[in-house]
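>>> sharing a model that was predicted from the sequence below.
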Amino acid sequence: MLKQQNNESKRKYGWVDKWAKMTGERARIDAKVNNTYIIYDKNGVLVKEYPNGKIIPFHNVGDS
């Protein structure tokens, strides 16, 4: 994400940052309620995050 020195976003629409953060928080809540996991990119690697906080790398082939 592009940032200036004063930590303000350079995005044309500033609400996008807040919306993206809220979407991620909602995904975590849904995963906890449904006892599933979320998948996201962390440092260039896809990972699965479980409701208990466990984070493991995601492998597409043969992974459940």
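Everything's here; your move. Source: prediction; values computed, not measured.
>>> show me where this structure has helices.
15-34 (DSSP state H).
>>> what ranges in it fall below the confidence cut-off?
By pLDDT under 70, the weakly predicted segments of the chain are 1-9, 61-64.
>>> 90 instead?
1-15, 17, 20, 59-64 (pLDDT under 90).
>>> quick one: contacts for Gly24?
Shown in contact with Gly24 (C-beta atoms under 8 Å, 6 or more residues apart in numbering): 38, 40. All C-beta spots, glycine's among them, are computed from the backbone N, C-alpha and C.
>>> state the distance from it to His59.
22 Å (C-beta to C-beta, to the nearest Å).
>>> before we move on, what about Asn35?
21 Å.
>>> over to Thr23?
The value you get for Thr23 to His59, if C-beta to C-beta is used, is 25 Å.
>>> check Tyr37 too.
Counting by C-beta to C-beta, the gap from Tyr37 to His59 is 13 Å.
>>> chain neighbours aside, what residue packs nearest to Lys42?
Ile55 (7.5 Å; C-beta to C-beta, 6 or more residues apart in numbering).
>>> mind checking which of Tyr37 and His59 has more residues around it?
Tyr37 (20 against 9; other C-beta atoms under 10 Å).
>>> list the contacts of the more buried one.
Contacts of Tyr37 by C-beta under 8 Å, 6+ apart are 31, 48-51.
>>> state the distance from it to Asp17.
24 Å.
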